[in-house]
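Chemist: fold the following and give me the result.
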Amino acid sequence: MGGRSVNLAGASARFPMPIRWYGPADPADPTYRHFERIVNLTLHAALFAAVNSGLWVLDGLRHPWPHLEWLTLPWAVGLLIHATVVIRMRPPS
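Modeler: Alright, predicted model coming up:
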């Protein structure tokens with residue numbers, strides 16, 4: 001491992017920082033409420049991906065679960081409904 005240095009000066013332009021709320025948290029602000037819905041949707045999607053990928057890997061490796069799709073499909077439909085609600089409730093610009 002050489003002593004090479006890495007220049008990260010332009011990295012923020014290519015890879016923007018995660019979503020962040022600037023200002024006071026005002027639950028009455030429609031933009032803040034939309035931001036909160038987006039964060040909740042992101043957490044829902046991450047949990048869906050983590051749980052389902054783990055279960056499908058275990059299913060494929062050694063513990064067959066013949067009805068695993070009965071967990072995955074309704075949860076995926078619920079996630080799509082959640083995303084639709086978030087998009088439809090977006091405040092006007």
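Chemist: give me the buried positions along stretch 59-72.
Modeler: By neighbour count on 16 or more other C-beta atoms under 10 Å, the buried set for stretch 59-72 is residue 68. Backbone N, C-alpha and C define where each C-beta goes, glycine included.
Chemist: what comes into contact with it?
Modeler: 52, 55-56, 58 (C-beta atoms under 8 Å, 6 or more residues apart in numbering).
Chemist: how close does the residue nearest the centre of the chain sit to residue 92?
Modeler: The centroid of the chain falls nearest to residue 42 when counting by C-alpha atoms, centre = their mean (2.6 Å). From residue 42 across to residue 92, the span is 22 Å (C-beta to C-beta, to the nearest Å).
Chemist: and residue 27, by the same measure?
Modeler: In terms of C-beta to C-beta, residue 27 sits 19 Å off from residue 92.
Chemist: compare the two (neighbour count), which wins?
Modeler: More neighbours surround residue 27 than the other of residue 27 and residue 92, with 7 against 4 (other C-beta atoms under 10 Å).
Chemist: now the more buried one, what's its secondary structure?
Modeler: With DSSP: H, G, I helix; E, B strand; the rest coil as the basis, residue 27 sits in coil.
Chemist: show the pLDDT at the closest residue in space to it that isn't next to it in sequence.
Modeler: By the measure of C-beta to C-beta, 6 or more residues apart in numbering, the closest residue to residue 27 outside its immediate chain neighbours is residue 33, 6.7 Å from it. Residue 33 carries a pLDDT score of 92 in this model.
Chemist: residue 22 now?
Modeler: 77.
Chemist: which ones are touching residue 44?
Modeler: With C-beta under 8 Å, 6+ apart, residue 44 has these contacts: 79, 82.
Chemist: from the chain's centroid, how far away is stretch 49-60?
Modeler: On the basis of C-alpha atoms, centre = their mean, to the nearest Å, stretch 49-60 sits 17 Å off its chain's mean C-alpha point.
Chemist: now do stretch 83-93
Modeler: 16 Å.
Chemist: how long is it end to end?
Modeler: For stretch 83-93, the first-to-last residue distance is 19 Å (C-alpha to C-alpha, to the nearest Å).
Chemist: any buried residues in that stretch, and which?
Modeler: Result for stretch 83-93 [16+ other C-beta under 10 Å]: buried residues residue 86.
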